[in-house]
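*Asks:* Could you look at this predicted model? Sequence included:
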Amino acid sequence: MPGILLDTLRGQVTDRRPVWLMRQAGRYLPEYRALRAEKGGFLALVYDSEAAAEITLQPIRRFGFDGAILFSDILIVPHALGQDLQFLAGEGPHLSPRLVDTALSALTPAPHHFQPVWDTVRLTRAQLGPDKTMLGFIGSPWTVATYMVAGEGSKDHHLARAMAYRDPAAFGAIIDAIVDSSLVYLSGQIEAGAEAVQLFDSWSGSLSPQQFERWVVAPTARIVSTIRARHPEVPIIGFPKGAGAKLPAYARETGVDAVGVDETQDPRWVHAQLPPEMPVQGNLDPLLLISGGAELEEAARAVLAAFADRPHVFNLGHGIDKSTPIAHVERLLEIVRSSA
């Protein structure tokens with residue numbers, strides 16, 4: 001029998017809301033910090049399948065979330081496309097060579113980087129109960145491209161945006177390569193046991209409407225249509241953070257099964273704008289999990305009320321922060337699980 005999360009993503013309104021939290025496996029958990037201290041750096045953990053499976057399972061054991069989200073990173077695709085990937089303490093990810101300086105054709109693909117992640121999915125799914133859903137993911141092409149072009153994260157993604165205007169053919173080739181590699185990677189996750197997948201477009205909010213259509217909607221639609229043809233039983237969640245008023249067009253034009261909503265969106269507006277049968281995921285502000293108290297409880301109940309009449313997966317508007325108190329997560333789960 002499928003779990004409540006999978007039922008909801010397939011369009012059912014269930015007796016209670018399923019819940020999982022973006023970045024639920026990670027630094028806010030003492031058991032994660034202990035394992036990382038033992039094993040070493042972040043990327044070493046990602047490519048250690050047994051360790052990554054253990055990390056994926058840690059929040060399930062502690063909190064009983066309805067979904068286990070694969071412990072990995074959106075930059076595995078650039079690594080497989082031939083860029084060197086490092087995670088530097090205090091600085092975040094670095095990719096080299098930067099594609100603002102180097103042609104895509106100069107890279108030597110390294111698709112073997114996918115295999116340990118597929119093994120993580122397989123190991124995790126084997127240890128999950130039948131009522132839990134295994135979630136795979138990729139970074140959406142636009143967001144991945146911003147890192148590949150600049151070699152690192154940035155506040156306004158100006159190098160990628162400028163390249164997309166200045167040389168749309170070259171930028172389009174990068175997008176196409178990401179799409180092709182992502183399809184291999186995502187299909188492999190599904191074949192290894194992922195029962196639903198999420199497309200993270202963390203930086204979609206930095207684009208103008210026309211560029212959003214070209215670099216977010218169009219490549220996402222290509223991924224969705226291909227994955228649906230290959231794996232029609234697997235729900236696809238699209239999460240275009242920062243999409244704002246462009247969210248309804250994203251939901252309509254990409255063909256995703258469910259839409260993730262960030263914390264800047266009014267859930268009542270989202271409910272009014274999207275088709276009533278479409279599953280929605282979100283959208284509590286992660287900072288409320290740090291502050292806790294009455295504000296957390298009020299906001300959580302407001303999200304639950306706004307989406308009471310549609311299939312709804314309770315989640316955050318983005319990833320859980322590393323300084324989040326465990327007790328606040330426990331209180332949030334009490335609120336969600338006690339709701340009708």
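*Replies:* Looks like it arrived, so ask away. Numbering: from 1, shown residues only.

*Asks:* okay, CA-based contacts and neighbour counts for the rest of this
*Replies:* OK.

*Asks:* Can you give me the first-to-last residue distance of stretch 162-175?
*Replies:* By CA to CA, to the nearest Å, the extent of stretch 162-175 from end to end equals 15 Å.

*Asks:* ok, now stretch 250-267?
*Replies:* OK, stretch 250-267 end separation, CA to CA: 16 Å.

*Asks:* for stretch 228-244, same thing?
*Replies:* 26 Å.

*Asks:* Likewise for stretch 240-257?
*Replies:* 13 Å.

*Asks:* can you pull the buried residues of that stretch?
*Replies:* Within stretch 240-257, the residues scored as buried using 16 or more other CA atoms under 10 Å are 240-244, 246-247, 250-251, 254-257.

*Asks:* Mind checking which of those residues are in strands?
*Replies:* In strands, judged by DSSP state E, the following of the buried residues of stretch 240-257 are found: Pro240.

*Asks:* what secondary structure does the closest residue to Gly317 other than its chain neighbours sit in?
*Replies:* Spatial nearest neighbour of Gly317, excluding adjacent residues (CA to CA, 6 or more residues apart in numbering): Asp262 at 3.7 Å. Taken by DSSP: H, G, I helix; E, B strand; the rest coil, the conformation at Asp262 corresponds to coil.

*Asks:* surely Asp262 meets His318?
*Replies:* Yes. Here Asp262 reaches His318: they are 6.1 Å apart, a contact under CA atoms under 8 Å.

*Asks:* Residues in contact with both of those two, list them for me.
*Replies:* Jointly contacting Asp262 and His318 under the rule CA atoms under 8 Å, 6 or more residues apart in numbering are 241, 283, 285.

*Asks:* Pick the one among those residues closest to Phe307.
*Replies:* Nearest to Phe307 among these is Asn283, at 10.2 Å by CA to CA.

*Asks:* now the buried residues of stretch 240-257 in CSV, with pLDDT and distance to Ser154?
*Replies:* Converted to CSV, the buried residues of stretch 240-257 look like this (pLDDT from 0 to 100; distance: CA to CA, whole Å):
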residue, pLDDT, distance to Ser154
Pro240, 97, 17
Lys241, 96, 15
Gly242, 95, 15
Ala243, 96, 18
Gly244, 95, 20
Lys246, 96, 22
Leu247, 97, 23
Tyr250, 97, 24
Ala251, 97, 26
Thr254, 98, 26
Gly255, 97, 29
Val256, 98, 27
Asp257, 98, 30
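
*Asks:* Just the buried residues of stretch 240-257: which are in helices?
*Replies:* Among those, the members falling in helices are 247, 250-251, 254 (criterion: DSSP state H).

*Asks:* Turn the residues you listed into TSV, including distance to Ala308.
*Replies:* Formatted as TSV, those follow (distance: CA to CA, whole Å):
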residue	distance to Ala308
Leu247	20
Tyr250	22
Ala251	19
Thr254	25
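
*Asks:* could you say which helix or strand contains the residue nearest in space to the middle of the chain?
*Replies:* The residue lying closest to the centre of the chain (CA atoms, centre = their mean) is Phe200, at 3.9 Å. According to DSSP states H and E, Phe200 maps onto strand 196-201.

*Asks:* what does that strand contact?
*Replies:* Contacts of strand 196-201 (CA under 8 Å, 6+ apart): 6, 74, 133-143, 190, 216, 234-241.

*Asks:* Can you select the buried ones from those residues in PyMOL?
*Replies:* Buried residues among the contacts of strand 196-201 (16+ other CA under 10 Å), as a PyMOL selection:
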select buried, resi 6+74+133+134+135+136+137+138+139+140+141+142+143+190+216+234+235+236+237+238+239+240+241
